[in-house]
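Visitor: Fold the following and give me the result.
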Amino acid sequence: MRTRKLWSSQQEDADINMTPMLDIVFIMLIFFIVSTSFIREAGIDVNRPNAQTSESQAKSAVMLAISANNEIWLDRQQVDIRMVRPALERLKAEQADISVVVQADEDSTTGQLVKVLDQLRLARVDYAVATRSGAH
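Guide: Got it, this is the predicted structure:
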């Protein structure tokens, strides 16, 4: 009779309480979600032109690309030139200190690049034009 009681109390002590570990994992998940800076990719690969005076950009939130056939890509979607400004204003409302990196293919027209830069200025967004380092 005594051995049964001893065995049942040992079985109760062997259970592991998972609640504190789950609390810690949940708090870590929230921390990483809040502290992560998301980069919005353009959605296409662009053959950027070379530049002797190019500088490295620390970080940016939005990549905007102009393809060789003058298509504009923002956030992995092709957009019309008239939709660039409203899309960036919406993104700016979500994140106030947003900046844009324009990746223009070297075969795209200068006119299309100027139209995109004009939309960026109208949206009052900081921007930079991406190039490859001239050392290549």
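Visitor: Now do the contacts for the residue lying closest to Thr109 once chain neighbours are set aside.
Guide: Take Thr109 and drop its neighbours on the chain: the residue closest to it by Cβ to Cβ, 6 or more residues apart in numbering is Asn70, 5.9 Å away. To be clear about C-beta, it is placed using only N, CA and C from the backbone, and glycine gets the same treatment. When contacts are counted by Cβ atoms under 8 Å, 6 or more residues apart in numbering, Asn70 is found next to 108-109, 112.
Visitor: Just the buried residues of the residues you listed.
Guide: Using 16 or more other Cβ atoms under 10 Å as the burial test, the contacts of Asn70 include 108, 112 as buried.
Visitor: and Ile66, backbone torsions?
Guide: Main-chain dihedrals, Ile66, degrees, to the nearest 10: phi -120, psi 120.
Visitor: Buried residues of the longest helix along the chain, list them for me.
Guide: The residue-count maximum for a helix in the chain (DSSP state H) belongs to helix 19-35. Of all the residues in helix 19-35, not one is buried under the rule 16+ other Cβ under 10 Å.
Visitor: for that helix, packing partners?
Guide: Using 3 or more Cβ pairs under 8 Å, 6 or more residues apart in numbering; DSSP states H and E as the contact criterion, no secondary-structure element is in contact with helix 19-35.
Visitor: just so I have it, where are all the strands in this structure?
Guide: Secondary structure of the chain (DSSP state E): strands located at 50-51, 62-66, 72-74, 77-79, 99-104, 126-129, 132-133.
Visitor: how about these, which one is nearest Met18?
Guide: strand 62-66 (40.8 Å; Cβ to Cβ).
Visitor: hey, C-alpha coordinates of that closest one in PDB?
Guide: Extracted C-alpha coordinates of strand 62-66, given in PDB (Å, rounded to 0.1, in the frame of the first residue of the first chain):
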ATOM      1  CA  VAL A  62      11.300  50.700 -50.200                       C
ATOM      2  CA  MET A  63      13.000  49.600 -53.400                       C
ATOM      3  CA  LEU A  64      11.500  51.000 -56.600                       C
ATOM      4  CA  ALA A  65      12.700  49.600 -59.900                       C
ATOM      5  CA  ILE A  66      12.500  50.700 -63.600                       C
END
